[in-house]
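> Sequence and computational prediction follow.
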Protein chains: 2
Amino acid sequence: MRAGERRTTLADVAAEAGVSVALVSIVMRDAPGASAATRQRVLEVARRLDYQPDSRARLLRSGESRLIGVVFGVQHPFQHDVLTGLYDAADKQGYELALSAVTPRRDERTAIGSLLQDRCAALILLGPQIPVAELAALSDRMPVVAMMRGVRHRAVDVVRTDDVRGLRLAVDHLVTLGHTRIAHVDGGRMIASAERRQGYQEAMRRHGLDEHLRVVVGGSGEEDGVRAARELLDDPPTAVTVFNDLSAAGMLDVLPRLGLSVPGDISVVGYDDTSFSRLAHIDLTTVAQDIDTMTTLAVARAVERIAGAGITNREVVIPPRLVIRGTTAAPRG
Amino acid sequence: MRAGERRTTLADVAAEAGVSVALVSIVMRDAPGASAATRQRVLEVARRLDYQPDSRARLLRSGESRLIGVVFGVQHPFQHDVLTGLYDAADKQGYELALSAVTPRRDERTAIGSLLQDRCAALILLGPQIPVAELAALSDRMPVVAMMRGVRHRAVDVVRTDDVRGLRLAVDHLVTLGHTRIAHVDGGRMIASAERRQGYQEAMRRHGLDEHLRVVVGGSGEEDGVRAARELLDDPPTAVTVFNDLSAAGMLDVLPRLGLSVPGDISVVGYDDTSFSRLAHIDLTTVAQDIDTMTTLAVARAVERIAGAGITNREVVIPPRLVIRGTTAAPRG
DNA sequence: ATGAAAGCGCTAACAC
DNA sequence: GTGTTAGCGCTTTCAT
């Protein structure tokens, strides 16, 4: 690129095509008010000059931004599946996505701050960890949709999976297979951990398995599953429900090395139906979150709020679905 | 959020503080030319009104964008590690990152297109798959830095690992351990695949192991490693170098089930030193790419080009480093 | 140290 | 169907 080169603007195209700037604007936006002949000529010139509209100027002037900010964690494979769905959904609604990542050295506040300066029309936060008060303050400024997290506040929209039910499905499945000694490896300080743990506890109680309740502290990564597996060894249960697939994958990999076969000695149920859990060699029984529905709803909700829709049905809770694969079976004996 | 509410602007702050807009601008940018007293008062008002500068308007007016666009693939864990590094590097240079993801249903052209409209000052592409001609055309418009891919074109900057050397390190290590029957599982249509395959072939020849050359088609995902493992079964080598860690992880998981222990029957070397390869239960010997150096250089290069620096040292090739862990050992017998 | 005015690239209202 | 004008929120001269 030669330095000092300026970008092609509407004015350049207008000059070259011999028409006014406004007319070119009309053509570029595909708005009514230009003859077919003009339209064609302008388009041709634009293409020839390699014109690209300046989205900043466009949005600045028009006032509305058609931009939805998304905060995601670079560490969470499940959120990448969600991102994929969000792009599809936004595309259908004619919106763009502005991504901002949370990394080990870039926190959620920073990520959100940068989207604020970008003047997104709304924010979609994937499993936000910041306190409710901050979410509430944020939603004073713009529509905020939290995904994969419950938020008890009247101004924050929520689209999430019914995690209590998700763990009930998992436990019910294991009980049906004949298990009673079922443990749970939770998500540590992950935001959805409490809900899933609670689902496990309720389900166990409903089956009269109070005495077998056993919760091990885990986390969201493979290493957490590995650690938890070691911890279970002293007195191994016949089945375990795990906070998410990644942690479950860690367990799956280490259990055989610790002398426990899956599902022979111990059954394992994950959560999320992350793409890798489908792989033949992992073949993980898991609780699937309905990503398509969730992302579609999250974007729809954001768009409605941008349009100023009233507040009804603030929280959407999507039912999960149990996907039975090869890591669960009847207990021995 | 109440509808019809307008965002706080510089003018609002100026009015409230009883000074001119220009002065507020000076204060907000931390530019010289305002008294300490004014500065303090303006800052206070800005905070009270919850003022956030409009990055669009700011950039539109100032002409320079301090924005670097990054295209990454949502499917590639290694690229997430790179993203983390890029954020750090950009931050140090006072630049922002605009992310655009490639997903299974959103291709690279779309991802790039959206960044073009955002008027990024430069583009950093992670393992771009588009043809050189398109990269060249792009770099006519703006500085383009390709990472993890060689590009033979005078206008495209490149920051990549010396993959030929990376595979040589892997093969040398295996040969030193006593292996001769060493196979390679390549990356299929991944852009770096050719280079790594070539590194394997050269290294094998240098060791006089031409007759043992064996390349199996693979890919970048776990499932590719699983498939390749099955394919190797008919006549298992004593060691295998794999395109990347993810594919290697797939192999690691399936090999024991196919009756081959690692590293007892077969040694495995991955590539990338992705965070999960460090996990105790995976403990993968792998070729590490120096992410810190690469991301720092990529951002530095982008910034230089934005500043209009001349074209020297167009391609930076970083040496890889072998990380020996538990999946490699001397062959049996 | 501070303010007035111009204008970045674009869209929207209105005139013709 | 087309051109003219104004102005989005900001930075940047240039006065004072």
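Cool, the structure landed. Numbering: from 1, shown residues only, chains lettered A, B, ... in the order given.
> any idea how far the residue of the stretch 101-250 of chain A found nearest DNA strand C lies from A:Leu258?
Residue nearest to DNA strand C within the stretch 101-250 of chain A (C-beta to the nearest atom of the strand): A:Arg119, separated by 12.8 Å. (C-beta placed from N, C-alpha, C; glycine too.) When distance is defined by C-beta to C-beta, to the nearest Å, A:Arg119 is 53 Å away from A:Leu258.
> ok, now A:Glu96?
Taken as C-beta to C-beta, the span from A:Glu96 to A:Leu258 is 48 Å.
> what about those two, which has more around it?
A:Glu96 (20 against 16; other C-beta atoms under 10 Å in any protein chain shown).
> Give the bridge partners for the more buried one, please.
For A:Glu96, the beta-bridge partners under DSSP bridges are A:Leu67.
> In terms of pLDDT, where does it sit?
A:Glu96 is assigned 93 on the pLDDT scale.
> One more: A:Ala3?
pLDDT for A:Ala3: 43.
> Give the closest residue to A:His184 in space, chain neighbours not counted.
Nearest in space to A:His184, with sequence neighbours left out and distances taken as C-beta to C-beta, 6 or more residues apart in numbering or on different chains, is A:Tyr200 at 4.2 Å.
> isn't the one you found right up against A:Thr241?
Yes: at 5.8 Å, A:Tyr200 counts as touching A:Thr241 under the criterion of C-beta atoms under 8 Å.
> Please identify every residue contacting each of those two.
Taking C-beta atoms under 8 Å, 6 or more residues apart in numbering or on different chains as the contact rule, A:Tyr200 and A:Thr241 both touch A:167, A:170-171, A:184.
> Report how many residues lie close to A:Gly259.
By other C-beta under 10 Å, the residues close to A:Gly259 number 9.
> following the one helix or strand the residue nearest to A:His184 maps to, which helix or strand comes up?
Element membership for A:Tyr200, per DSSP states H and E: helix A:193-206. Following helix A:193-206 in sequence order, the next helix or strand is strand A:215-216 (DSSP H and E).
> The next helix or strand after that next one and chain B in contact?
Remark: after strand A:215-216, the chain's next helix or strand is helix A:222-232, criterion DSSP H and E. Yes: on the criterion C-beta under 8 Å from any C-beta of the partner chain, helix A:222-232 is in touch with chain B at A:222-223, A:226.
> now stretch A:296-314
Yes: residues of stretch A:296-314 contacting chain B under C-beta under 8 Å from any C-beta: A:305, A:308.
> same question for the helix or strand where A:Leu135 lies, mean pLDDT?
Using DSSP H and E, A:Leu135 falls within helix A:132-141. Helix A:132-141 carries an average pLDDT of 93.
> And stretch A:174-191, by the same measure?
97.
> between A:Tyr200 and A:Thr241, who's got more neighbours?
Using other C-beta under 10 Å, the more surrounded residue of A:Tyr200 and A:Thr241 is A:Thr241, with 33 against 27.
> Would you double-check that that one falls in a helix?
No: counting by DSSP: H, G, I helix; E, B strand; the rest coil, A:Thr241 is located in no helix; its state is strand.
> Sketch out the helices for the stretch 51-200 of chain A, chain order is fine.
In the stretch 51-200 of chain A, helices defined by DSSP state H, counting those that start in this stretch lie at A:55-62, A:77-93, A:108-117, A:132-141, A:163-177, A:193-206, listed in chain order.
> Can you give me the buried ones in stretch A:34-49?
Neighbour counts using 16 or more other C-beta atoms under 10 Å in any protein chain shown place A:34, A:38-39, A:41-43, A:45-46, A:49 of stretch A:34-49 among the buried residues.
> Could you do stretch A:127-146 as well?
So, applying 16+ other C-beta under 10 Å, buried residues of stretch A:127-146: A:127-128, A:130, A:135-136, A:138-139, A:142-146.
> okay if I get those as JSON lines plus distance to DNA strand D?
Formatted as JSON lines, the buried residues of stretch A:127-146 follow (distance: C-beta to the nearest atom of the strand, whole Å):
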{"residue": "A:Gly127", "distance to DNA strand D": "30"}
{"residue": "A:Pro128", "distance to DNA strand D": "25"}
{"residue": "A:Ile130", "distance to DNA strand D": "24"}
{"residue": "A:Leu135", "distance to DNA strand D": "24"}
{"residue": "A:Ala136", "distance to DNA strand D": "24"}
{"residue": "A:Leu138", "distance to DNA strand D": "18"}
{"residue": "A:Ser139", "distance to DNA strand D": "20"}
{"residue": "A:Met142", "distance to DNA strand D": "14"}
{"residue": "A:Pro143", "distance to DNA strand D": "18"}
{"residue": "A:Val144", "distance to DNA strand D": "21"}
{"residue": "A:Val145", "distance to DNA strand D": "24"}
{"residue": "A:Ala146", "distance to DNA strand D": "27"}
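> and which of those is nearest to B:Pro331?
A:Gly127 (46.0 Å; C-beta to C-beta).
> can I see the domain layout of chain A?
If you go by automatic domain parsing, the domain ranges for chain A are A:10-53, A:65-161+A:290-319, A:163-289.
> residue contacts, A:Pro128?
A:71, A:108, A:135, A:146, A:149, A:191.
> Please work out which of the domains of chain A is packed deepest.
Ranked by mean neighbour count under mean count of other C-beta atoms under 10 Å in any protein chain shown, the domains of chain A are led by domain A:163-289, which reaches a mean of 21.
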